[in-house]
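J.: Following is a predicted model, sequence given first.
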Amino acid sequence: MSAPVSETATAALQEPDAPIEAPQGGRTPWWANQRIGLLILVVALSALFGVLRPAFFNQQLVVFPLLRDIAMFTVVGLAQLCVLSIGHMNLAVGRMAAFSMMITGISYDLWHFSLYAGLLVGLVAGAAIGALAGWVIARTGVNSFVVTLALDFLLLGLIPLVYTALTDNAAFVTKPPGMRELRNYSLGDVCIGNLCGSPAVPQLTLFAVIAMAVVGWIYSRTKLGRELLMTGTSVKAAELSGIPTARRVITAHAMSGCLAALAGFMLAVSTGSIKATIGEEFMLPSFLGPILGGTLLAGGFISVWGTLLGAALSSVIRKGLDLLGVGLESLNIYLGLILLVALSTDRIRTVLSDRQGVRKR
Amino acid sequence: MKRFAVRFARTTEMTLLAICVVFFVGLVIASGGDLLAANSLRVLLQFLAVPVLIGLAQMVVLAVGQLNLAVGAIGGVAAVSMGVLMAEHGVPVVVALLIGFLLATVTGLVNGLLVVLTRINGFIVTLATMTVLLGVQYRVVGTRTVDDYPQSVKSFGSHAVFGVLPLIFLVALVVAALLAVMLRRTVPGRQLLASGGNPIAARLSGISNDRSVIIAHTLSGAILGVAAILTVASSPGVNKSIGGDWLLPSFAAPIIGGALLTGGSAVVLGTVLAAFIVRFVDTARAEFSLEPSWVNFVVGAVVLGSVVLGQLRSRRQERRTVVKAPDAAVAGGVL
Amino acid sequence: MTLFLADKVDKLFPGVRALDGVTLKLEAGSVHALLGENGAGKSTLIKVITGLYKPDGGRLVLDGSEVQFGSPHESASAGIGVVHQERNLIPGFTVGENILLQKLPTSRGLVDRSAIRTEAARWLAELDLDLDPDQPVTELSVAQAQLVEIAKALSVESRVLLLDEPTASITPNEAERLFRVVAKLKNDGRAVLFVSHKLEEVFQICDTVTVLRDGASVLESGPLGDLTRDQVVDLMVGRVHEALALPPRTVPAADPLLELSGVGTATGHADVDLSVRPGEIVGLYGLVGAGRSELAKALLGLDRITAGEVRVRGQAVRIRNVRDALRNHKIGYVTENRKEEGVFLEQSVSRNIAVTVWDRLRKALGYVPAKAEAAMVAEYVEQLGIRIASPAQLAGTLSGGNQQKVSLAKWLAAKTEILIIDEPTVGIDVRTKDAFHTLIWDLAANGLAILLITSDLPEMITLADRVVVMRDHRVQGEVLNDHDYDTMSQRVIRLIHAEGTTAA
């Protein structure tokens, strides 16, 4: 490759006596790394709950459903992460899950689709509704918060109408073969020769693993992921660097809708029913996972592992407190407090590590 | 004055007013004039009081460039606290209502302090406090519905002046008027809007943006305290689901009313008118006996439509001024 | 009489001495210029004077007594008015409210609107401004807004007025208007500090000057009348700045790569004719507001082209966006707005450079091999002499010059053949500036067609083969560059002010 820069120009551009502009404060110290802090916290809390209530390590009654929850909330978090990466929000993440599952339910009920064909239909429906949100945002330039809020309203109105028209009890009764089994199957049922997986790990977690792998690969290895992050950092600069920002906005929202649909499917499988209220509880966890894990609200930086850890932390706390006899609904108090404390300490950590660095502009 | 009239004619408020009138006339015709009966009007206004207030509670934080996801949770906690205090602890009505109101106000203050002290995005802070408060609300009231509070509260909730104007609606209007005066005519109000409109300029003019943010959140809490009082007075009982469906309408009213999410706009009248429109949609739904879900559907469409139209309009305006600017520059402007 | 004195002021930031014993003296009834290159400490000094920063040494003396300011509000109350670089008006408020924002008059607890009206009108009259205090500021032009800010600065009964680059974004006509206001303030016995990069303006309106370099005052309150333009520049730069010697370069005879004929745009351009041949640098010169950057953006499809024809390599084209320009026409655009449009401050240098070449590097499923990316980035980091610790370093931690190199590198990496370069050396120190000039010259020698937009006349005369002069969104004419500063500057300035202009 020959660039059109000659040696004279290159020579003129060198500044031998200019200092190398090292980033302020050098590398971030390990204790300021949010992910490591989270990991330690998750392990420590699990150990604590295990000591207080040995039942916490009961494979069938605790670990299995806990992992199922973590898997689902990780996917919910990833759905939010996709739009956070471009600095947007998706307030309709739960309702998109409900919408997609409605379509999946219809495909089972009216068209007698198989389990996975129905899932596929749901994923496509989720991607489509997400893309619609993205298209409106890109086309009109209206804030994503408002657009997804309005879409949430629309779906909140639409979904019950459809359910009332098609079902008797606001839930689809037809269940495709394999759905009930998927709910209870673990890796113990997957054997290669004599080697079987752990019976404590639900098969549903595989969906989360696949989602994490795909999302992680997109953001770290591909042009698309890089372009999404660039768009999140500065839309103007991205547009002027030849990135099709409008298309990227639509892509990000479509990915979000698709992942929301997957999360909805996982919820439908674990609860065993496809109903209008699916995803109602998704809003808080969808932000909890990514934000605790270090994904920026402002866009431009994401962490897939952090999202898993964030989801794990909140699920472990939920489960542990539940075992300690704290009522399910008042768990919210602790979850909210943890979010606040975690973010405040994160802020304190950042300030401290900045101060350790030499200068602060 | 004439210039003011011309300006007003081009505002969102004027458009909303026109829509309100058309809607109302349409409803009157559709109901065959039944809507004009004192009882129908009273019901129409009765259910407007709380939506007006929750819209205003959101508007005041939007004005400073923040948002409050905890509107429903604050109102819910305040409402169930008042109910439980009166019904189960025998606390005198006035004291119970005052405690609930102060509780909401203090919660708003805490929101503001958290935003200012931690510098965490207001979205996340209020998301967290919302979660905490939802837990608190459940702790306070559990799964019961509390309705055993004194008759005086309930008669306050159902009393209507001349049989048409519900007292609680008048209370909501008074709050709206006070808020309008506060934002337009008092120094803290102007400073709050200045912080929302241009924080850097506000700071350089000696205005504390932190103080503005705290004031806005506190006001939001106080308005929600009033909303909680009206809820307790007008609903058959309070339980854990009070406030659960406030969040979406709280954004719908100011956004339809023309508030900017970036801050700096005080649209008290717009918010009130938008609440009217939403109420009319609900009335129309009842009139044609449709599913309640239609209301959400239509409101969602209206929110989306109004922001999209607003955006297109401002874009066209921008383009016009950009084209016009060079000419004005050549002529030396009006100087 | 000395109204204000900053005496041997120091300001330390961790690791940096931003101000080193700077002395600034402002006399009543006089306009004082504060000059210095970017980073010399001008804005730090202003922030110290207005109480945004606390000085680490020295003292501030106002009207003979020592003062200390804890906030901008305190300095304003003491009578120091400031007009900042950024627009500082509240959009939803009226002219009157904005003027009196720092001390809104009240009666019985409420903001007194009639008092605002009369008092604001008094300050507007003081400046001979014919504005309605009830008008919303959103209806004002940039220049009017600027004058309202001056009224606002005066409204604290200020006798000392600091104007921080007030003419950066207004037209010459409007600047003249501003200068009349400044002259009036001076005659009223106020002390005015005028910060500007435009030496012509400084010589036109200022009486005395302080020059800062690297945080120290190299000239303290010298009378401006004794100095020449070149002497001032030498003081700012710190050495006798020799003209850059560039090797001879001839433009090969070839058909134009980029050609505009009769182009009109949605932003108000009309009848723009322009052509750039391979190996040629065409300068686009004009004052701020002449519509040069807007023309570039219209060329890239960011604004609508409403008339005429754009031809690339002889073919009439309709460019839809930057991506289209890059992919299908090999056109690149180095923006003037480096921090917001040129570099991604919170992303790594590596990604900043590679952003335009992912299309070329990607394999199946959009996979971008990290090795190929790193190699490509390393090549340009080396060639452009970008000083970084690692390619993973965030672009926001770099100096302006290095950021500009990054902003340019992505277009070189994309192997563009037509490059539109907009104000390449704004806010860059003199030595790096010379290096950039060598680079641009060299790129043309290697066959790139370059459209150079700059407000820096010496830069234009150093680099361009032809200079196209624009005014009010139209082409005024074209001058073949003979690289002689005196004759060229006269011809260009004459073109700018030709026929029917109202400017002085």
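T.: Perfect, I can see it now.
J.: Show me what secondary structure element comes after the helix or strand of chain C with the lowest mean pLDDT.
T.: Of all helical and strand segments in chain C, the minimum by mean pLDDT, DSSP states H and E falls on helix C:229-237, at a mean of 78. Per DSSP states H and E, helix C:229-237 leads on to strand C:258-265 as the next helix or strand towards the C-terminus.
J.: what's in contact with that following strand?
T.: Strand C:258-265 is contacted by residues C:269-276, C:294-295, C:298-299, C:303-312, C:314, C:331, C:418, C:449, C:451, C:473 when judged by CB atoms under 8 Å, 6 or more residues apart in numbering or on different chains. C-betas here are computed from N, CA, C, even on glycine.
J.: buried stuff in it?
T.: By 16 or more other CB atoms under 10 Å in any protein chain shown, the buried positions in strand C:258-265 come out as C:258-260, C:263-265.
J.: if we take those residues, which one ends up nearest to residue C:214?
T.: Residue C:214 lies nearest to residue C:258 out of those, by CB to CB, at 41.3 Å.
J.: Chain neighbours aside, what residue packs nearest to the closest one?
T.: residue C:276 (4.6 Å; CB to CB, 6 or more residues apart in numbering or on different chains).
J.: what residues are up against the one you found?
T.: Counting by CB under 8 Å, 6+ apart, residue C:276 has contacts C:256-259, C:282, C:418, C:449-451.
J.: From those residues, list the buried ones, please.
T.: The neighbour-count criterion (16+ other CB under 10 Å) marks C:256-259, C:282, C:418, C:449-451 among these as buried.
J.: So of the residues you listed, which two are at opposite extremes in space?
T.: Greatest spatial distance among those (CB to CB): C:259 and C:450, at 14.6 Å.
J.: which bits of the stretch 1-150 of chain A sit near chain B?
T.: Taking CB under 8 Å from any CB of the partner chain as the contact definition, the stretch 1-150 of chain A meets chain B at A:89, A:136, A:140-143, A:145-147, A:149-150.
J.: follow-up on the earlier one: let me know the closest of the buried residues of strand C:258-265 to residue C:33.
T.: Of all the buried residues of strand C:258-265, the one with the least separation from residue C:33 (CB to CB) is residue C:265, at 37.5 Å.
J.: Count the residues that sit near the closest residue to that closest one other than its chain neighbours.
T.: Spatial nearest neighbour of residue C:265, chain neighbours left out: residue C:298 (4.1 Å); criterion: CB to CB, 6+ apart. Residue C:298 has 24 neighbours, counted by other CB atoms under 10 Å in any protein chain shown.
J.: For residue C:407, see how far away residue C:298 is.
T.: To residue C:407, residue C:298 is 21 Å away according to CB to CB, to the nearest Å.
J.: Quick check: ChimeraX command selecting the buried ones in the residues of the stretch 1-150 of chain A next to chain B.
T.: Selection of buried members from the residues of the stretch 1-150 of chain A next to chain B for ChimeraX, criterion 16+ other CB under 10 Å:
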select /A:89,136,140,142,143,145,146,147,149,150
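J.: among the residues of the stretch 1-150 of chain A next to chain B, which are in helices?
T.: Those of those mapping onto helices are A:136, A:140, A:145-147, A:149-150, per DSSP state H.
J.: Where is pLDDT lowest across these?
T.: In terms of pLDDT, the lowest of those is residue A:140, showing 85.
J.: and the stretch 201-350 of chain A, which residues reach chain C?
T.: Contact residues, the stretch 201-350 of chain A versus chain C (CB under 8 Å from any CB): A:218, A:221-224, A:226-227, A:229-230, A:233-234, A:236-244, A:300-301.
J.: The stretch 151-300 of chain C: helices as residue ranges?
T.: Using DSSP state H, counting those that start in this stretch, the helices assigned to the stretch 151-300 of chain C run over residues C:172-187, C:199-205, C:229-237, C:292-299.
J.: Can you lay out the ones you listed as CSV showing distance to residue B:205?
T.: Shown next, in CSV, are the helices of the stretch 151-300 of chain C (distance: least, CB to CB, whole Å):
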stretch, distance to residue B:205
helix C:172-187, 20
helix C:199-205, 27
helix C:229-237, 32
helix C:292-299, 31
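J.: Of those, which stretch is the most buried?
T.: Each of the helices of the stretch 151-300 of chain C was scored by mean neighbour count; the highest is helix C:292-299, a mean of 23, by mean count of other CB atoms under 10 Å in any protein chain shown.
J.: Name the residues that touch whatever helix or strand comes next after it?
T.: Downstream of helix C:292-299, the next assigned helix or strand under DSSP H and E is strand C:305-312. Contacts to strand C:305-312, defined as CB under 8 Å, 6+ apart, come from residues C:256-266, C:270-272, C:298-299, C:316-319, C:329, C:331, C:418.
J.: Measure how strand C:305-312 sits relative to helix C:292-299, angle-wise.
T.: Relative orientation of strand C:305-312 versus helix C:292-299 (axes from the mean of the first three to the mean of the last three CA atoms, to 10 degrees): 80 degrees.
J.: If you count contacts, what does the following helix or strand past strand C:305-312 end up packed against?
T.: Next helix or strand after strand C:305-312 toward the C-terminus (DSSP H and E): strand C:315-317. In terms of contacts (3 or more CB pairs under 8 Å, 6 or more residues apart in numbering or on different chains; DSSP states H and E), strand C:315-317 is packed against strand C:305-312.
J.: Give me the angle between the strand it packs on and strand C:258-265.
T.: Per the same axes, to 10 degrees, the angle that strand C:305-312 makes with strand C:258-265 is 180 degrees.
J.: Show the end-to-end separation of stretch C:59-77, please.
T.: 18 Å (CA to CA, to the nearest Å).
J.: what does it contact?
T.: Contacts for stretch C:59-77 (CB under 8 Å, 6+ apart): B:203-206, C:2-9, C:48-52, C:54, C:78-80, C:82, C:102, C:156, C:158-160.
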